[in-house]
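Participant: all I have is the shape, not the residue letters:
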Ligand SMILES: [Zn+2]
């Protein structure tokens, strides 16, 4: 498995160990992880701390060119909020552990003119060999989808 997707899975495991929703993400720039995070909605009582947002937050504020050369790995396909952040910062490539959960967002990302200049777009990794479900089995009460 891709080592960066493995790192995202490690984040998901950390989230699960904390009693949270097991979704992880890492932001990779030039072959190095510059931000990592996991869903902390339960832990922080937060409406916005999805794994991708946590990874972006933990990467800190970066120059625009850094985002434009980065790859975002996530164990669950990005929701509308995280897809918006991906477009806002111009992150050109997303690798998701699965991409069945947020199909419309995948199409929307692909529809952005010039957003995927290399034609790569969202790619599908797989979480199964790691023995961890990419999608939470039963989200807790009030946890919506992510
Ligand atoms: Zn999200």
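Facilitator: Received it, and whenever you're ready, just let me know what you need. Every value quoted in this text rests on a predicted model; they were computed, and no experiment measured them.

Participant: drop to CA atoms for contacts and neighbour counts, all remaining ones
Facilitator: OK.

Participant: ok, residue 85 to residue 55 distance?
Facilitator: Counting by CA to CA, to the nearest Å, the separation of residue 85 from residue 55 is 11 Å.

Participant: and if you look at residue 73?
Facilitator: Counting by CA to CA - residue 73 and residue 55 are separated by 10 Å.

Participant: go on, residue 3?
Facilitator: 16 Å.

Participant: re the thing from before, between residue 85 and residue 55, which one's more packed in?
Facilitator: More crowded of residue 85 and residue 55, by other CA atoms under 10 Å: residue 55, with 28 against 16.

Participant: tell me which element that one falls in.
Facilitator: helix 51-59 (DSSP states H and E).

Participant: mind giving me the packing neighbours of that helix?
Facilitator: Using 3 or more CA pairs under 8 Å, 6 or more residues apart in numbering; DSSP states H and E, the elements in contact with helix 51-59 are strand 24-29, strand 32-38, strand 70-74, helix 80-88.

Participant: up against the ion, what does this protein have?
Facilitator: Residues of the chain that fall close to the ion, judged by CA under 5 Å from the ion: 50, 79, 82.

Participant: most neighbours, which of these?
Facilitator: For the residues of the chain next to the ion, the largest number of neighbours (other CA under 10 Å) sits with residue 50, at 24 neighbours.

Participant: which residues does that residue contact?
Facilitator: 23, 38-41, 82, 146 (CA atoms under 8 Å, 6 or more residues apart in numbering).
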